[in-house]
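Asks: 3D, please:
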Amino acid sequence: MKKIILFLMVTAIAFAGCKNQSKKATEENTTAEKVEKSAPAPLNTLTDQEKKDGWVLLFDGKTSDGWRGYKKDHFPSGWEVADGTLHCIGSGRGEAGSVDGGDIIYDKKFGNFDLKLDWKISEGGNSGIMYLGQETKDHIWETAPEMQILDNERHPDAKLGKDGNRQAGSLYDLIPAKPQNAKPAGEWNSIEIISYKGTIVHKQNGETVVEYHLWTPEWNKLVADSKFPALNPDWANVATEGYIGLQDHGDDVWFRNIKIKEL
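Replies: Next up is the predicted model:
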């Protein structure tokens with residue numbers, strides 16, 4: 001009887017040990033899976049799922065392929081590809097930019113799209129992301145809406161305009177970004193711009209900060225009350241498709257993870 005009891009006790013202990021080891025292995029595997037899933041994707045790449053969903057890289061982190069100067073046939077020397085970023089080299093000349101600088105555009109027109117990218121601005125810096133732009137004027141901003149990029153703490157534009165409509169994430173000089181959630185100069189911000197049949201959405205650091213509708217009476221009134229009609233009387237008639245542009249405003253600004261999905 002004692003031998004049977006002893007045998008049962010040893011068997012129970014062995015079973016418990018195996019069960020604990022199995023549980024521990026399962027927990028370790030689960031933890032490893034969570035770490036793998038939460039690990040950020042390499043910069044300037046697409047995941048397999050993004051590729052299946054139709055996303056396309058506009059910048060590979062190594063070359064300027066696909067990009068050229070606005071109304072130019074080359075990639076200007078005022079920009080460079082450095083450390084996995086598209087870098088506008090600050091000239092200190094404000095909107096005049098560098099001698100061979102100026103805004104750059106991706107050499108394809110887009111109409112309905114979902115655009116994502118990261119940007120980082122230097123202290124006191126100013127830049128912008130244009131979309132639906134045309135090459136019919138001296139500057140792309142004369143034909144294109146702009147998502148503002150700005151050091152809100154230092155650049156004077158943050159206090160100009162109306163109700164903060166020249167701060168980061170805003171539809172420049174027209175609609176303020178609310179909530180205003182831009183990170184300080186020197187830190188990366190993630191943005192998303194969605195354009196679909198005239199409905200435009202700006203997202204900044206995961207939050208929707210601007211939404212508006214092109215070609216409506218409300219849009220026409222909004223533009224009429226801004227500075228744009230004096231610069232281009234036809235500015236409100238934004239095209240149904242156009243170029244995506246990155247602005248040279250004379251300050252250092254960096255872009256990465258630029259990708260788009262046509263809708």
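Asks: on the three-state scheme, Gln158 is what?
Replies: Check again: residue 158 is Ala, not Gln. helix (DSSP: H, G, I helix; E, B strand; the rest coil).
Asks: next, count neighbours for the residue lying closest to it once chain neighbours are set aside.
Replies: Leaving out its chain neighbours, the residue that sits closest to Ala158 by Cβ to Cβ, 6 or more residues apart in numbering is Asn152, at 4.5 Å. Every residue, glycine included, has its C-beta placed from N, CA and C. Neighbourhood size, Asn152 [other Cβ atoms under 10 Å]: 21.
Asks: repeat for Leu174
Replies: That count, for Leu174 with other Cβ under 10 Å as the rule, works out to 22.
Asks: show me the contacts for it.
Replies: Applying Cβ atoms under 8 Å, 6 or more residues apart in numbering, we find Leu174 in contact with Pro145, Asn165, Tyr212, Leu222, Val223, Ser226.
Asks: hmm, the third one is touching Val223, no?
Replies: No: taking Cβ atoms under 8 Å as the contact criterion, Tyr212 and Val223 are not neighbours in contact, 10.6 Å apart.
Asks: now tell me what touches stretch 41-61 from outside.
Replies: Counting by Cβ under 8 Å, 6+ apart, 62, 66-67, 81, 84-86, 106, 244, 255-262 sit against stretch 41-61.
Asks: how about 6 Å then?
Replies: With Cβ atoms under 6 Å, 6 or more residues apart in numbering as the test, stretch 41-61 has contacts from Gly84, Leu86, Tyr106, Arg256, Asn257, Ile258, Lys259, Ile260, Lys261.
Asks: straight-line length of it, end to end?
Replies: Using Cα to Cα, to the nearest Å, the end-to-end distance of stretch 41-61 comes to 14 Å.
Asks: what's the answer for stretch 236-256, then?
Replies: 30 Å.
Asks: one more: stretch 117-135?
Replies: The stretch stretch 117-135 measures 23 Å between its terminal residues, going by Cα to Cα.
Asks: what's the answer for stretch 74-93, then?
Replies: 21 Å.
Asks: okay, buried residues for it please.
Replies: Of the residues in stretch 74-93, 75-76, 78-79, 81, 84-91 count as buried by neighbour count, 16 or more other Cβ atoms under 10 Å.
Asks: pick out the most distant pair among those residues.
Replies: Gly84 and Ser91 (22.4 Å; Cβ to Cβ).
Asks: lowest average confidence, helix or strand, in the chain?
Replies: helix 2-38 (a mean of 52; mean pLDDT, DSSP states H and E).
Asks: circling back: okay, and which of the contacts of Leu174 map to helices?
Replies: Taking DSSP state H as the definition of helices, these contribute Leu222, Val223.
Asks: where's Pro76 relative to Asp103, distance?
Replies: Distance, Pro76 to Asp103, by Cβ to Cβ, to the nearest Å: 9 Å.
Asks: again, but for Ala185
Replies: For Ala185 relative to Asp103 (Cβ to Cβ), the value is 21 Å.
Asks: these two: who's more crowded?
Replies: Between Ala185 and Asp103, counted using other Cβ under 10 Å, Asp103 has the larger neighbour count: 27 against 20.
Asks: so who does the residue found closest to the more buried one once you drop the neighbours it is linked to in the chain touch?
Replies: Of all residues not flanking Asp103 in the chain, Tyr70 sits nearest, at 4.4 Å (Cβ to Cβ, 6+ apart). Residues in contact with Tyr70 (Cβ under 6 Å, 6+ apart) are Gly102, Asp103, Ile105, Ile140.
Asks: and what of Asn165?
Replies: Counting by Cβ under 6 Å, 6+ apart, Asn165 touches Asp173, Leu174, Ile175, Pro176.
Asks: what is the nearest of those to Asn237?
Replies: Closest approach between the contacts of Asn165 and Asn237, by Cβ to Cβ: Leu174, at 14.9 Å.
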